[in-house]
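Asker: need a structure here:
(3 chains)
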Amino acid sequence: MKKLFLFDAMALIYRAHFAFAKTPRISSKGLNTSAVFGFTNTILEVIQKEKPDYLGVAFDTSAPTFRHIEYTPYKAQREKQPEDITIAIPYVKKLVEALDIPILILDGYEADDIIGTIAKKAVRANPEIEVYMMTPDKDYGQLVEERIKMYKPAFMGKGVEVLGPKEVCAKWNIQNVDQVIDMLGLMGDAVDNIPGVPGVGEKTAQKLIEEYGSMENLFKNTDKLKGKLRENLENFQEQGMLSRHLATILCEVPIEYEEERLIKTEPNRELLEPLLDELEFRTLRRRILGEEPEPVAAKAKASPKVAANQMDMFGSPVAAPADFMMSDEAEEAVSHFNNLANTAHQYHLVQGEAAIKSLIGFLARQTSFCFDTETTSLTAVEAELVGMSFAYRKGEAFYVPFPADQAEAQAQVDLFKELFANEAIQKVAQNIKYDMSVLANYGVEIKGATYDTMLAHYLIEPEKRHNMDALSMAYLSYEPLSIETLIGKKGAKQGNMRDVALEDIKEYAAEDADVTLQLKPFLDEQLAKNPKAIELLNEVELPLARVLSKIECEGVNLDVAFLQEMSKTLETDSREVQQKIFEVAGQEFNVASPKQLGEILFEKLKLDPKAKKTKTGQYQTGEEILSKLEAEHEIARLILDFRELQKLKSTYVDALPQLISPKTGRIHTSFMQAVTATGRLSSKDPNLQNIPIRTPRGREIRKAFIPRDENFQILSADYSQIELRIMAAFAQDEAMLNAFNQGIDVHKATAAKVFKVGLDEVTSELRRRAKAVNFGIIYGQSAFGLAGSLGISRTEAKEIIDQYFVEFPGVKAFMDTTITNARELGYVETVLGRRRYLRDILSANMNERSFAERNAINAPIQGSAADMIKVAMIRIQAFIERENLKSRMILTVHDELVFDAHVSEIDYLRTHIDEIMCQALDLGVKIETGIGVGMNWLEAH
DNA sequence: TGCGTCACG
DNA sequence: ACGTACGTGACGCAA
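Answerer: As a prediction, this is how the structure comes out:
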């Protein structure tokens, strides 16, 4: 069998464009090359993997098709083509030409019509040919037959998918592929503005087609149906038939099938090379042409991908990389590519005390340098220094290896102490918190100004990725040497940094410092676009990184014996519960398997005939579902108990002691400073921000968080209703501000107003409801959601919300103006100017838009609370250091700070922590805290 | 690796 | 007709 691959260019371009939405590839000239890059990659991967014999790429044209002519609204509501795509198309065409692949295009027809026609003609003309249609578009399912298949390229972590008739039928739950168009006709297609039949979605369409086989037969038998569905099917017959017509791919397009033309050939190098250069696809260029893209001698050595006698993917011999020595002249010549990280570079190895001292002397004369540490572990507390790299200007960097003997290493680190303590020099790094922690273990403190490319980018685009490789690709269009080439992929087989050859680690480490330093000007340029961002970086995030490093290194003391005892109890209890479950179920099974559990509950015990299934076809067995079943069958309660016991045991009781550092005997979480979309911190390895407190059994775990010794106690300080206070301040809502400023219980006050009763008449139930409403408001909740969370009817919920807005008109106005502003600006921001971009705020898709609107309300509130506690943390840490206290800040949990407090300092701490927290940001609303002290974290609450 | 579930603010 | 409250991280299962 020969293989013919037909590509739907536009569909693949769109897909590539959005796949790179998070980290678009931008060339040095500001060209967004994501779409071209993704498209090229797809083509090349297919060529490499599938070895096609014939190739063709189909494009749409701007000319109207029969679909536009017969149905004016066709694709009319479609959002304007993103500009990046418009620009990308000519490049894609040039690229396809350079690869010498025929372009299939015809005015008046869309790519799918062309591909359909060619595919059908090809299999008829040649019994030895198999056609693969490269497209992510589901509509192609209708064309599939024995030798015509859909080939969905790999996407978002999913592998490639090849769909033949069997697969297509299974996907749509139909008997044969002709029914695809019936399905499409009934469902319509929002993307193309094909209406379908109102009230019929995928599920209904599936049922109808399964029952009646085709649209014609369905419309003949509408009398067998009833209600609104029947009405719609009868009234919208014509619209349904038209929709099917529009969704039908034409296979009779006037285009010839010229097999010889489609035969795969070699790419045209004269066209390809300049094009790849212009697009700055260095890695791709190497893959296609098998040459070194840039004259970097060292990199060629480090990269095993290119060998002198290697064959490239097109089967051509690869030229050996030319020996290269970068002269000053050559450096001058390439300097106009001033954003290219991998142009001329000089990476020096620095060894021996004399050389190191001379390097330090040199760095000490700079106003700023960039550095990076190479270590034996990703866990800072455990990490031993393997080496350090330093860059001071573009293209030049130094690598200093450190001895494995820790006493010798310590002596060498000591040489750098003064340099890092020099307040006149700015220290630049990527994720500087990690380097601070590593150095702190060697007694080195970083003083003076710092800069962190990760944190800078977090403030520019909080929702994108901030690792150095991603930044380098995005801003420098350069793919740095990967750590994996040095030590292998993560996992058991991962090698050790110590085992890497000196020359390799030098190239890698020095490049990291070099690239990081090169990123800075690009990030600064972006930062300058938000007037508050620079201050936010310098006054909040960078000082906070230092504070977080201290907190992490400090660690938390854990009562291991207590947890071990608890583990035993949990083990016994959970066995008991499991046994009961087996008895009640009448058989043994894996209770922890949602799949098996679902089958027991809903098939064997038939607990709920309308049991909901997840998108993967399994029964839902979540907490909400099981709670509802509690009244029906005792198994529900047992399973919930079992789950709680398992969760507590596996996630906390057994896991936490494992994470105690052998070096310090304490647990050291990592606070992630550039993860959340709103500005909050997150905590991992372990996550100490989700230690149980809501259930009696769960909160016991907090008893294991104890002070370091008998002279200390745990002190916990948390903001009271901080998000609600912030909303009151933003909204300047008089009623709510009054409640806070007069120190009235705000949920009680809300209940009194919304339910129109006196303050003294507020029952606990009314207060509970009011609290739920207050929370819901912060999240932009709907009547449906409130009804769900309170277990009341949607009508009741709506009345409550309406009344809420009558009583708190400022809140309503705040929500409305926030959304209006977000629509205009495309982002919302916190009190300190931390932005969140809301790309979907104008989306035509209601779900997407609603989601963006809820984010618009929530992000400034949640984010401003984060701003506030961050400022408080910085000031409290400064206070502790200024006063030389023995007490230490050890945790932060969104609105709470936890301290290991020396008993002699507790009263003093209490006063100052309260004052600093309350005064961190002045928003014009009274801020209150709650502070508690105890022998463990639970008692401190 | 993705999914379902569940811990927190 | 659909989905329906924001923000996280970790674990076990199943593929």
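Asker: Break down the stretch 351-500 of chain A into its strands, ranges please.
Answerer: Using DSSP state E, counting those that start in this stretch, the strands of the stretch 351-500 of chain A run over residues A:368-375, A:385-393, A:396-401, A:426-429, A:450-452.
Asker: likewise the stretch 701-850 of chain A?
Answerer: A:705-706, A:712-719, A:827-829, A:835-837.
Asker: And the stretch 1-150 of chain A, by the same measure?
Answerer: All strands of the stretch 1-150 of chain A, identified by DSSP E, counting those that start in this stretch, fall at A:2-8, A:54-58, A:103-104, A:129-134, A:148-152.
Asker: Let me know which of those strands is tucked in deepest.
Answerer: Of all the strands of the stretch 1-150 of chain A, strand A:54-58 carries the top mean neighbour count, a mean of 25, counting by mean count of other Cβ atoms under 10 Å. Quick note: C-beta positions are derived from backbone N, CA and C, even for glycine.
Asker: Report the mean confidence score over that strand.
Answerer: Per-residue pLDDT values over strand A:54-58 give a mean of 95.
Asker: Low-confidence regions, the stretch 51-200 of chain A specifically.
Answerer: A:76-80, A:154-159 (pLDDT under 70).
Asker: and with 90 instead?
Answerer: A:51, A:60-88, A:107-108, A:135-139, A:141, A:152-200 (pLDDT under 90).
Asker: For it, what lies in contact range of DNA strand C?
Answerer: The stretch 51-200 of chain A comes close to DNA strand C at residues A:198, A:199, A:200, as judged by Cβ under 7 Å from any atom of the strand.
Asker: just to revisit the earlier point, between the strands of the stretch 1-150 of chain A, which one is nearest to DNA strand B?
Answerer: strand A:148-152 (14.8 Å; Cβ to the nearest atom of the strand).
Asker: where does the residue in the stretch 701-850 of chain A positioned nearest to DNA strand B sit relative to residue A:869, distance-wise?
Answerer: Residue of the stretch 701-850 of chain A nearest DNA strand B, by Cβ to the nearest atom of the strand: residue A:718 (7.1 Å). Counting by Cβ to Cβ, to the nearest Å, the gap from residue A:718 to residue A:869 is 9 Å.
Asker: Likewise for residue A:274?
Answerer: 54 Å.
Asker: For the two, work out which one has more neighbours and name it.
Answerer: Remark: of residue A:274 and residue A:869, residue A:869 carries more neighbours, 25 against 12, as counted by other Cβ atoms under 10 Å.
Asker: Return the residues in contact with residue A:246.
Answerer: Going by Cβ atoms under 8 Å, 6 or more residues apart in numbering, residue A:246 touches A:67, A:70, A:71, A:74, A:192, A:194.
Asker: which parts of the helix or strand hosting it are buried?
Answerer: Assigned by DSSP states H and E, residue A:246 falls within helix A:237-247. Residues A:237, A:239, A:240, A:242, A:243, A:244, A:246, A:247 are the ones in helix A:237-247 that count as buried (16 or more other Cβ atoms under 10 Å).
Asker: that older thread, what's the overlap in contacts for residue A:718 and residue A:869?
Answerer: Counting by Cβ under 8 Å, 6+ apart, the shared contacts of residue A:718 and residue A:869 are A:895, A:897.
Asker: Tell me the bridge partners for residue A:161.
Answerer: residue A:152 (DSSP bridges).
Asker: where's it relative to residue A:15, distance?
Answerer: 13 Å.
Asker: Can you tell me, leaving aside adjacent residues, what's nearest to residue A:368?
Answerer: residue A:426 (4.0 Å; Cβ to Cβ, 6 or more residues apart in numbering).
Asker: try residue A:424
Answerer: residue A:448 (6.6 Å).
Asker: For the residue in the stretch 1-150 of chain A that DNA strand B sits nearest to, grab the count of nearby residues.
Answerer: Using Cβ to the nearest atom of the strand, the single residue of the stretch 1-150 of chain A nearest to DNA strand B is residue A:19, 12.9 Å away. Residue A:19 is flanked by 18 other residues according to other Cβ under 10 Å.
Asker: I'd say the residue of the stretch 701-850 of chain A closest to DNA strand B and residue A:930 touch.
Answerer: Yes: if you go by Cβ atoms under 8 Å, residue A:718 and residue A:930 touch, sitting 5.5 Å apart.
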